[in-house]
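> turn this into a structure:
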Amino acid sequence: MARYIGPKARVARRLGTNIWGTKGEETALDKRPYPPGDHGRTRRRGNVSEYLLQLQEKQKARFTYGLSERQFRNLFKEASRREGVTGENMLRFLELRLDNVVYRCGWAATRPQSRQFVNHGHINVNGRRVDIPSYRLRKGDVVSLREKTQQMVTVQWNLDVLDRTPPPWIDASSDGTEMTVRDLPIREQIDIPVREQLIVELYSK
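Numbering: from 1, shown residues only. Next up, the predicted model:
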């Protein structure tokens, strides 16, 4: 199972960033801005190996998008076989996952919540229900909330309170319940603080 169900704040402190975008992680990082464990406070962040830096970047991307190690490795292999820059291909594939697009559209507060929406069959792609979070969208695909889902209190709250603006590669309908993949995302449009080149170096060893 790819979904991480352990302590989120611990992972956030280990990697030094708010992975899932929750308030608990932000609080933990503010109160204890050092790695977890008995020696976390005395460990010096600056004195780290090249391998550790590469591993941390990979873990940031993997946890952020909710993939297992096997899923992430397979996605990297596919990205390396495609034309273009491997790191950018990898991030593009991650961004085009259905659960990520649901999050980008502002229908879900976090990526784990968007994954749950997809698993429970609340999302249509081109008019047909799709319940596979890893489903990869293509240019021109139309993603929409099912009619009953639009009335859900959680969805309404997310749309009204989060007021998240979709990225430039996604076109939103006037009421915000339907989105179209206008184009494939480019690196400048992906705001994930991950140095993908380090991931490429890690897997290229």
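> what stretches of the protein score poorly on pLDDT?
1-3, 24-25, 37-47 (pLDDT under 70).
> please parse it into its domains.
If you go by automatic domain parsing, the domain ranges for the chain are 1-47, 49-95+191-205, 97-184.
> with mean neighbour count as extra columns, can I get these in a markdown table?
C-beta coordinates here come from the backbone N, C-alpha and C atoms, glycine included. Supplementary listing: the domains of the chain in a markdown table, determined by neighbours: other Cβ atoms under 10 Å:
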| stretch | mean neighbour count |
| --- | --- |
| domain 1-47 | 14 |
| domain 49-95+191-205 | 17 |
| domain 97-184 | 17 |
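> can you pull up the most central residue in the protein?
Ranked by distance to the mean C-alpha position of the chain (Cα atoms, centre = their mean), the top residue is residue 65 at 3.2 Å.
> how is the residue nearest to it when sequence neighbours are not counted assigned, secondary-structure-wise?
Among residues not flanking residue 65 along the chain, residue 94 sits closest, at 4.8 Å (Cβ to Cβ, 6 or more residues apart in numbering). Here residue 94 is recorded as helix under DSSP: H, G, I helix; E, B strand; the rest coil.
> residues contacting residue 94?
For residue 94, the contacting residues are 61, 65, 67, 75, 100, taking Cβ atoms under 8 Å, 6 or more residues apart in numbering as the criterion.
> residues contacting stretch 71-90, please?
Under the contact criterion Cβ under 8 Å, 6+ apart, stretch 71-90 has outside partners 2, 58, 61-62, 67, 93-94, 134, 186-187, 196-197, 199-200, 203.
> and it, how far out from the chain middle?
Average the C-alpha atoms of stretch 71-90, do the same for its chain, and the two points are 16 Å apart (Cα atoms, centre = their mean, to the nearest Å).
> how long is it end to end?
Counting by Cα to Cα, to the nearest Å, you get 12 Å between the two ends of stretch 71-90.
> again with stretch 177-191
23 Å.
> all strands of the protein, in order?
Per DSSP state E, the chain has strands spanning 123-125, 128-129, 142-145, 170-172, 178-181. These are given in chain order.
> as TSV, those with distance to residue 105 would be great.
Formatted as TSV, the entries for these read as follows, by distance: least, Cβ to Cβ, whole Å:
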stretch	distance to residue 105
strand 123-125	10
strand 128-129	16
strand 142-145	7
strand 170-172	7
strand 178-181	5
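> between these, which one is nearest to residue 191?
Residue 191 lies closest to strand 170-172 among the strands of the chain, at 13.3 Å (Cβ to Cβ).
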